[in-house]
Structures are given as C-alpha cells and as structure tokens.
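>>> have a look; sequence and predicted model below, questions after that.
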Amino acid sequence: VGLNLLQHMSGIATATAKAVQSVSGYKARITDTRKTTPGLRHLEKYAVRCGGGVNHRFNLSDGVLIKDNHIVAAGGIQKAVAAAKASAPHTLKIEVEVENIDMLREALDAGADIIMLDNMTCDEMREAVAIVDGRALTEASGNMGEKDLAQVAKTGVDLISIGALTHSVRAMDISLKFKLV
C-alpha cells in the first residue's frame, strides 16, 4: 500500500512539474481542482505543491464557485453573484464559470473576483484577458491536460486548472527490492 501511494503521489508531482515547466516564463500558475481520490485529497494536493503547482479549493467552503447549473437555477449570472455576496462571508472570493465573452462581461459587471474561462479557445481566452484587464483573476479550465499549456499561458491567464493532475495521472514506475544481508 505504501509503495502504491508513493507511486501515485510521485506521478502527480511529476505531471505537475512538467505542466509548471511548460508555462515557465509566463505569469500563469498551474492549479489542481477538487477532483481527487476519496480519502486522498490532502496527499494529492500536497503532491501538486511538491511539483510546483498551487491548490484550488480543498472543499466547497473554501470559496464560491458559480457554475453553469447555478447560473440557470439563480436566473442569471448577476442574480447568482448577488445571492452569493448576500450569503457568503466577506472573506470568500466569488468565482464564476463562463463559456463566452457575453457571460464574461456579465460576470465582470456582477463583481466576480475570479472568472473561469471554460473550454474557450486560445483566441477567446486572449480576448477575455484583455477585457478583464486585471479587474479579476482569470482561470483557464476545461480539458487543460490535453492542451498545449504554453499556448494557453501566452493568452495572459492567471491560472490554468488541470483536474487530470489528480484524477487521471499515471503512477510512477517505482519498485521496492529487498536485499538479504
């Protein structure tokens, strides 16, 4: 079991280090997601930090993330952000997932602290970063483990979140040999 954990965590740290290296020279930071193995979240997130990445939320109470279903249920981004601001402590940041430039503008107008650019092309992300112009953090998201991370970083985003760092990583091939003395 110990060897399996070492292999798994080493795989996460190595994959993270490769992702971090691929965006060196850009401001973008590599971050994980909450998509972790049940019971191993703290270890997997520690492995991400060992690889040079940063952690996103550990749990739902670490920040407000308004996703597509929340937007529909609330009746729009403006209403979802207003509801979050009305009920969340002032210390929590509010992040809104957007899929296009119109949604981005609405999230900015609503006062989002972080805007998650979900499944956007690099051209769309570049435009989004220009529109945001430092008024909020920008986070590239959506199958980032399959993308050219340097090209994503070139768009100027602040964060690149990669769920595959923890939920789909390949374990390192590490063996344990006994030696009789």
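Here it is on my side, so go on.

>>> correct me, but Y26 touches T155?
No. Y26 lies out of contact with T155 (Cβ atoms under 8 Å); the separation is 9.1 Å. C-betas here are computed from N, CA, C, even on glycine.

>>> please say which of these two ends up with more neighbours.
When neighbours are counted by other Cβ atoms under 10 Å, Y26 and T155 differ, and T155 comes out ahead with 23 against 16.

>>> where's the spatially closest residue to G51 that is not a sequence neighbour relative to N4, distance?
For G51, ignoring the flanking residues on the chain, the nearest one in space by Cβ to Cβ, 6 or more residues apart in numbering is T16 at 2.8 Å. According to Cβ to Cβ, to the nearest Å, T16 and N4 sit 19 Å apart.

>>> for the longest helix anywhere in the chain, name the packing helices and strands.
Using DSSP state H, we find that the single longest helix of the chain is helix 2-22. With contacts taken as 3 or more Cβ pairs under 8 Å, 6 or more residues apart in numbering; DSSP states H and E, helix 2-22 sits against strand 29-31, helix 41-50, helix 149-154, helix 164-167.
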